[in-house]
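Colleague: below are the sequence and a predicted model for it; my questions follow.
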Amino acid sequence: MSDLVHNDTTLLAGRPVHRPVFAPAIAALWRWVSAPVRAFFARELVLRELAMLGDRDLHDIGLSRSDLPAVVRGMYRRDGLAARQLDPDA
């Protein structure tokens, strides 16, 4: 009896624990599927925040209302179109 009392922690620890193997794969799949949805809502939040600013506030940070979609998509450049690079071989 005393042997059983002293060894009950080993009896409990020796019990096999069954963890599902597919759980990390399901989590990774969910992150992959939900990433575009989360990105969409993040862009919408930025667009709403910028749209709430007044024209004067937008002018202070160098933007106009027509720039807002480009800012949200990450395509905005302060100098407008991409600068042409000279081709040294021409």
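Modeller: Yep, that arrived.

Colleague: where does pLDDT dip in this protein?
Modeller: 1-18, 80-90 (pLDDT under 70).

Colleague: the same query, at a cut-off of 90, please.
Modeller: The model of the chain has pLDDT under 90 over residues 1-24, 62, 70-90.

Colleague: do you have the helices of it handy? List them.
Modeller: Counting by DSSP state H, the chain has helices at residues 2-6, 8-13, 23-51, 55-60, 68-73.

Colleague: so can I have TSV of the ones you listed showing mean neighbour count and distance to Asp79?
Modeller: (Each C-beta comes from the backbone N, C-alpha and C, glycine too.) Formatted as TSV, the helices of the chain follow (neighbours: other C-beta atoms under 10 Å; distance: least, C-beta to C-beta, whole Å):
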stretch	mean neighbour count	distance to Asp79
helix 2-6	8	78
helix 8-13	9	66
helix 23-51	11	20
helix 55-60	11	17
helix 68-73	14	13
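
Colleague: quick one: Ala39 from Gly74, how far?
Modeller: Ala39 sits 11 Å away from Gly74, going by C-beta to C-beta, to the nearest Å.

Colleague: phi, psi for Pro20 please.
Modeller: The phi and psi values for Pro20, taken as degrees, to the nearest 10, are phi -70, psi 130.

Colleague: ok, now Tyr76?
Modeller: Here is the backbone geometry of Tyr76 (degrees, to the nearest 10): phi -80, psi 140.

Colleague: for it, give me its contacts.
Modeller: Taking C-beta atoms under 8 Å, 6 or more residues apart in numbering as the criterion, Tyr76 is in contact with 63, 67, 70.
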